[in-house]
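Asker: show me the folded form of this:
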Amino acid sequence: MELTQKNMSTSAVGIAGAPNLRFWNTTNGKKAIMAVTGVILAGFLVGHLLGNLQIFLGRDAFNRYAENLHNLPALVWGTRVVLLLAVGLHIWSTVQLADRKSSARPVAYQKYTPQTSTYASRTMYMSGPIVAAFIVYHLMHFTFGTGGTEYHYYDPYGNVVAGFKVLPIALAYVVAMGLLSMHLRHGLWSFFQSLGLNHPAYTPKLKGAAAVIAVLIFLGFASIPVAVLLGAVKQDIF
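Answerer: Got it, this is the predicted structure:
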């Protein structure tokens, strides 16, 4: 009897002093990780877009922007490390949440009719891997020069124009940016929802703001391949 009580007391102390389930292992913890890393990635996306839009200022301005980045290796590599960590944690939390969702309902609906969810929210788990795959190709194409089109390390402007003059590449980029924007729209809204900011007074405004931001980011990125295809941004004599 004393042994049993001692074991029970020891277990109680262990549970109270060193809980097995830490915050990041809970569903809310994983959602918080997904939300925070999503905001980090969204912030990078905005900065990346602002840099890319300098292509409309001409070859010299765009190449100078790219050269300035190369002259700041600490900033570039520091950003890359943070992004890699954010992407890794974002994917990890996504997979973990998807697994929990699947385990919670091992038998699928015979007929699923969504009531309040959006198309973006229903395709989050699909659009994420597609966008990730495109980002890998995008890096190979414009950073490492292995995308199958003309590439010169000293001429980022020319590399972009040469790449987007190929219609399938330009269309794939626009489609990927569309999926990314839908993913971003739902992700931004989910971030506020994870913080508990649900209220009839400002919930519609937050959803509207997320939609506007996603549309602006899509238009910004999509404008570059479209401008190349239409000849508004074109290859000139280097």
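
Asker: for the chain, which helix is longest?
Answerer: If you go by DSSP state H, the chain has its longest helix at helix 73-104.

Asker: packing partners for that helix?
Answerer: When contacts are defined as 3 or more C-beta pairs under 8 Å, 6 or more residues apart in numbering; DSSP states H and E, helix 73-104 packs onto helix 27-52, helix 59-70, helix 124-142. No exception for glycine: its C-beta is placed from N, CA and C like everyone else's.

Asker: residues of that helix that come out buried?
Answerer: 86, 87, 89, 90, 93, 94, 96, 97 (16 or more other C-beta atoms under 10 Å).

Asker: quick one, it and helix 27-52 angle?
Answerer: 140 degrees (axes from the mean of the first three to the mean of the last three C-alpha atoms, to 10 degrees).

Asker: let's number from 581 now, not from 1
Answerer: Yes, from this point I'll number from 581; that puts the last item at helix 653-684.

Asker: just how off-centre is helix 653-684 within its chain?
Answerer: The chain centre lies 9 Å from the centre of helix 653-684; the measure is C-alpha atoms, centre = their mean, to the nearest Å.

Asker: try stretch 787-801
Answerer: 14 Å.

Asker: keeping just the C-alphas, turn it into PDB.
Answerer: Taking Å, rounded to 0.1, in the frame of the first residue of the first chain, the C-alpha atoms of stretch 787-801 are listed here in PDB:
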ATOM      1  CA  LYS A 787     -10.700  39.100 -43.600                       C
ATOM      2  CA  GLY A 788     -11.000  41.900 -46.100                       C
ATOM      3  CA  ALA A 789      -7.500  43.200 -45.200                       C
ATOM      4  CA  ALA A 790      -6.000  39.800 -45.700                       C
ATOM      5  CA  ALA A 791      -7.800  39.500 -49.100                       C
ATOM      6  CA  VAL A 792      -6.500  42.900 -50.200                       C
ATOM      7  CA  ILE A 793      -2.900  42.100 -49.200                       C
ATOM      8  CA  ALA A 794      -3.000  38.800 -51.000                       C
ATOM      9  CA  VAL A 795      -4.400  40.300 -54.200                       C
ATOM     10  CA  LEU A 796      -1.800  43.100 -54.200                       C
ATOM     11  CA  ILE A 797       1.000  40.600 -53.800                       C
ATOM     12  CA  PHE A 798      -0.400  38.500 -56.600                       C
ATOM     13  CA  LEU A 799      -0.700  41.400 -58.900                       C
ATOM     14  CA  GLY A 800       2.800  42.600 -58.100                       C
ATOM     15  CA  PHE A 801       4.500  39.300 -58.800                       C
END
